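Asker: Fold the following, please.
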Amino acid sequence: QVQLVESGGGLVQPGGSLRLSCTASGSSSDTDVMGWYRQVPGKQRELVAAISRGGTINSFHSDPMKGRWTISRDNAKNTVYLQLNSLKPEDTAVYYCNAALNLGDLGGDFSSWGQGTQVTVSS
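Answerer: Residues are numbered from 1 along each chain as shown. Sure thing, here's the model as predicted:
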């Protein structure tokens with residue numbers, strides 16, 4: 001069992017930046033792949049980015065995110081980060097951390113979720 005705790009969300013103006021953090025505790029193998037999802041009310045949760053322990057997986061779900069944001073992890077701290085730059089109002093959502101044994105399980109029934117952190121982009 002893995003416990004995930006996110007932090008770093010908040011209110012930011014358009015064009016601003018935030019860094020989200022997610023620290024994992026528990027079974028280390030179940031965090032071989034970690035990712036960030038986001039969800040807005042009335043819509044399905046969507047994958048933002050994923051990264052593997054060794055860095056062989058480091059990808060974003062969509063190109064608009066890829067050009068503005070960075071995902072990274074510090075394995076010694078069991079922490080994954082999502083650096084959000086050039087934020088837009090449409091990026092407003094609850095951002096969730098997820099961890100799994102492999103990419104195929106990410107976001108699925110055998111993965112672990114954090115409680116979510118709210119990101120609001122507004123002037």
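
Asker: okay, CA-based contacts and neighbour counts for the rest of this
Answerer: OK.

Asker: Strands of the protein, start to end?
Answerer: Taking DSSP state E as the test, the strands found in the chain are 2-7, 10-12, 18-26, 33-39, 46-52, 58-60, 69-74, 79-84, 93-100, 112-113, 117-121.

Asker: okay if I get these as CSV plus mean neighbour count?
Answerer: Listed next are the strands of the chain as CSV, based on neighbours: other C-alpha atoms under 10 Å:
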stretch, mean neighbour count
strand 2-7, 20
strand 10-12, 16
strand 18-26, 20
strand 33-39, 25
strand 46-52, 22
strand 58-60, 18
strand 69-74, 19
strand 79-84, 21
strand 93-100, 26
strand 112-113, 22
strand 117-121, 20
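
Asker: May I see those organised as TSV, with distance to residue 106 and mean pLDDT added?
Answerer: Converted to TSV, those look like this (distance: least, C-alpha to C-alpha, whole Å; pLDDT from 0 to 100):
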stretch	distance to residue 106	mean pLDDT
strand 2-7	13	95
strand 10-12	25	98
strand 18-26	15	95
strand 33-39	7	96
strand 46-52	9	95
strand 58-60	13	83
strand 69-74	15	95
strand 79-84	14	97
strand 93-100	5	97
strand 112-113	8	96
strand 117-121	19	98
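
Asker: Give me the distance between the most centrally placed residue in the chain and residue 96.
Answerer: When C-alpha atoms, centre = their mean is applied to the chain, the residue found nearest the centroid is residue 36 (2.1 Å). Look at residue 36 and residue 96: by C-alpha to C-alpha, to the nearest Å, they are 6 Å apart.

Asker: Not including adjacent chain positions, what is the nearest residue to residue 60?
Answerer: Spatial nearest neighbour of residue 60, chain neighbours left out: residue 49 (4.2 Å); criterion: C-alpha to C-alpha, 6 or more residues apart in numbering.
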